[in-house]
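J.: I would like the atomic coordinates for the input below:
(one chain, ligands or ions: 1)
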Amino acid sequence: MANRVINKIRIALIQLAVTSNKDNNLKHAMSMISQAAMKSRADSADSITPLVVLPECFNSPYGTQYFSEYAEEIPGKTTQMLSQIAKEEKIYLIGGSIPEKREGKLYNTATVYNPQGEMLLKYSKCHLFDIDIPGKIRFQESEVLSPGNQLGMFEMSGGLKIGLGICYDIRFPELSLLLARKGCKLLVFPGAFNMTTGPAHWELLQRGRALDNQSYIAACSPARDTKATYTAWGHSSVVDPWGDVIIKAEETEAIICTDIDLDRVDSVRQQIPVQTQKRNDIYQLKDC
Ligand SMILES: NC(=O)CCC(=O)C(=O)O
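T.: Next up, the predicted model:
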C-alpha cells in the first residue's frame with residue numbers, strides 16, 4: 001500500500017480566523033484541523049489520505065510588532081500540537097507558518113507532518129515581504145525577520161512531490177519553476193495578502209504560477225479581520241494546471257476542499273508542451 005502510485009489527492013484549506021490570543025488560536029486551529037479532516041473524508045468516495053493546510057502566521061497576528069512576542073523554537077508547543085493532531089487525524093498537514101526563534105534570530109517558518117506525526121519539512125520564507133506603496137501599505141518583514149535559504153519540498157507516500165512557499169514567495173516565478181522542475185505537481189502557499197495587493201494580485205499570481213508550471217497551486221489565507229492591524233484579503237483558493245480557479249473561499253472563516261487530479265497535470269503538459277520547449281541555449285534556470 002505504501003508504494004502505491006498516487007494520482008489523486010484531496011486537499012483542504014483552512015481559512016482560519018486568527019486573534020491576538022495565542023492559546024485560543026492554537027485550540028481553534030486544532031479543532032478546525034479535525035473538522036477539515038472529517039470534511040475531506042466525508043466528501044471523498046476514495047480512501048485518500050487528506051492533505052490539510054493552515055494559513056501563514058496562524059498562531060499570531062501578522063505584523064512585525066508581534067513576531068518576537070509570539071515566536072517559538074521548533075520543536076516547541078505549537079509544532080508539538082501540529083504533530084499530535086496530524087497523528088490523531090491520520091492526515092498530511094502543512095502547518096501554515098509561525099514566527100520561529102532560532103539562534104538569536106526570527107524566521108517565518110512552515111512545518112509539514114505525515115500521518116504518523118513525523119515532521120517531513122521545515123521551511124523558512126526565503127523572500128521577505130518588504131513593500132512600500134505610498135498611502136496604502138508599508139510592510140518590512142526584514143526589520144525583524146531573517147530569510148530562509150533553502151527550497152521547500154516534501155514527498156507524500158506514493159512518490160507525490162509537493163512544493164512549498166510562503167506568501168510573498170509566490171511573486172518570484174523562479175522559485176516555483178525550480179520546484180516544478182524538481183517534480184512538484186502541486187505547489188502550496190500559506191499566505192496573507194492584504195486589502196491593497198489582495199484584490200489586485202492574489203488570484204492573478206496563483207493563475208500565473210499555475211500556467212508557468214502547468215501545476216496545481218493552492219494558497220491558504222487567514223480569514224479577514226477588519227479590526228486587525230493587518231487585514232488579510234482571504235479568498236483561499238486552488239487553481240488547476242489550465243489556470244482555472246477550481247475552488248475559492250470568500251473572506252470569512254471557511255474550510256474548502258477539493259480533489260487534485262495529477263493526471264490532469266500530465267495531460268495539460270502533453271497538450272501544450274512548454275516544459276520540453278524551453279530554450280536552454282538562450283536562457284537557463286540555475287539550481288544553486
Ligand atoms: N505575507 C506576505 O508575504 C504578504 C504578501 C503580499 O501581500 C504581497 O502583495 O505580495
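J.: In the stretch 1-150 of the chain, which residue sits nearest the ligand?
T.: Here the stretch 1-150 of the chain gets closest to the ligand at one residue, residue 129, 3.4 Å apart by CB to the nearest ligand atom. Glycine gets a C-beta too; all of them are placed from N, C-alpha and C.
J.: Look up phi and psi at that residue.
T.: In terms of degrees, to the nearest 10, the main-chain angles of residue 129 are phi -80, psi 90.
J.: quick one, what contacts it?
T.: Residues counted as contacts of residue 129 (CB atoms under 8 Å, 6 or more residues apart in numbering) are 139, 141, 167, 168.
J.: what about the closest residue to the third one other than its chain neighbours, how many neighbours?
T.: Nearest non-adjacent residue to residue 167, counting by CB to CB, 6 or more residues apart in numbering: residue 191, 3.5 Å away. Burial measure for residue 191: 29 neighbouring residues, criterion other CB atoms under 10 Å.
J.: With residue 166 instead?
T.: Neighbour number of residue 166 under other CB under 10 Å is 28.
J.: which is the next helix or strand following the helix or strand containing residue 112?
T.: Using DSSP states H and E, residue 112 falls within strand 105-113. Note on strand 105-113: by DSSP H and E, the next helix or strand toward the C-terminus is strand 119-124.
J.: How far does that following strand sit from its chain's centre?
T.: Mean-position distance between strand 119-124 and its chain equals 12 Å (CA atoms, centre = their mean, to the nearest Å).
J.: Sheet partners, orientation included, of that strand?
T.: strand 105-113 (antiparallel) (DSSP bridges).
J.: Pull the residues that contact the partner strand.
T.: Counting by CB under 8 Å, 6+ apart, 56-57, 67-68, 71, 74, 79, 82-83, 86-87, 92-100, 119-125, 128, 141, 144-148, 152, 154, 164, 166, 190 sit against strand 105-113.
J.: distance between it and the chain's centre?
T.: Going by CA atoms, centre = their mean, where strand 105-113 is centred and where its chain is centred differ by 12 Å.
J.: The strand holding residue 112 and the ligand, are they touching?
T.: No: taking CB under 6 Å from any ligand atom as the criterion, strand 105-113 and the ligand are apart, separated by no less than 7.9 Å.
J.: Please identify the buried residues of that strand?
T.: 106, 107, 108, 109, 110, 111, 112, 113 (16 or more other CB atoms under 10 Å).
J.: you'd agree the residue nearest to residue 167 is up against residue 171?
T.: No: taking contacts as CB atoms under 8 Å, residue 191 lies outside contact range of residue 171: 10.3 Å.
J.: who touches both of these two?
T.: Counting by CB under 8 Å, 6+ apart, nothing touches both residue 191 and residue 171.
J.: Residues of the stretch 1-150 of the chain that sit close to the ligand?
T.: 56, 129.
J.: Please repeat the previous calculation with a cut-off of 5 Å.
T.: residue 129 (CB under 5 Å from any ligand atom).
J.: And residue 103, how far from residue 73?
T.: Going from residue 103 to residue 73 by CB to CB, to the nearest Å gives 10 Å.
J.: When the two are compared, which one has more neighbours?
T.: The neighbour comparison of residue 103 against residue 73 (other CB under 10 Å) goes to residue 73, with 12 against 7.
J.: and that one, what does it touch?
T.: Contacts of residue 73 (CB under 8 Å, 6+ apart): 100, 101, 102.
J.: The first one touches residue 72, doesn't it?
T.: Which is residue 100. Yes: between residue 100 and residue 72 there is a contact at 6.7 Å, judged by CB under 8 Å.
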